[in-house]
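Trainee: Sharing a sequence plus its predicted fold:
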Amino acid sequence: MTEAGCLFCKISSGEINADVIFEADDVIAFRDINPQAPTHVLIIPRRHISTINDLVESDADIVGQLYLAARDIAGKEEIADAGYRAVMNCNAGAGQTVFHVHLHLLGGRNFTWPPG
Ligand code: 5GP
Ligand code: ZN
């Protein structure tokens, strides 16, 4: 369920503090410590999954829950209408630095495409 030494497992269990803004049975969300936009929230499964590559068929529900949480948080943060990014980096080449899957929810400013 948890992986020793995993930062986000420790945040999920409360061992390490974070600015938690959403909690459900299987999902938790907290503000990014180094925000890249006025709203920058990380939405994670409580259960440890390292990368998108490690997802299995039975994880379909939890992945859906991450996006439903993003929808709800975007509404509460009042970024839903203007628009936001919901993005998951996979492995180092895409910029993943914490190897516990997390959905970045970014909003409150305009974004360009393609991303850097
Ligand atoms: P990644 O680069 O893996 O896609 O995203 C990891 C994110 O976790 C980064 O945006 C980084 O700022 C954030 N982060 C790293 N350490 C901490 C921490 O201790 N607390 C919080 N709230 N965010 C963190
Ligand atoms: Zn973990």
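Mentor: Nice, I can see it. Ligands and ions are numbered 1, 2, ... in the order given.
Trainee: name the element the spatially closest residue to residue 2 that is not a sequence neighbour belongs to?
Mentor: Nearest non-adjacent residue to residue 2, counting by CB to CB, 6 or more residues apart in numbering: residue 9, 4.0 Å away. In this view, the C-beta of every residue, glycine as well, is placed from N, C-alpha and C. In this structure, residue 9 is located in helix 7-13 according to DSSP states H and E.
Trainee: residues in contact with the helix or strand just after that helix?
Mentor: Per DSSP H and E, the first helix or strand lying C-terminal to helix 7-13 is strand 20-23. With contact meaning CB atoms under 8 Å, 6 or more residues apart in numbering, strand 20-23 is reached by 11, 28-31, 41, 43, 69, 72-73, 76.
Trainee: Quickly check: strand 20-23 near ligand 1 or not.
Mentor: No - figure legend: strand 20-23 not in contact with ligand 1 (CB under 6 Å from any ligand atom); closest approach 9.2 Å.
Trainee: Selecting buried members of the contacts of strand 20-23 in ChimeraX, what would you type?
Mentor: Selection of buried members from the contacts of strand 20-23 for ChimeraX, criterion 16 or more other CB atoms under 10 Å:
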select :11,28,29,30,41,43,69,73
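Trainee: Quick check: which of the contacts of strand 20-23 are also close to ligand 1?
Mentor: Among these, ligand 1 is touched by residue 30 when using CB under 6 Å from any ligand atom.
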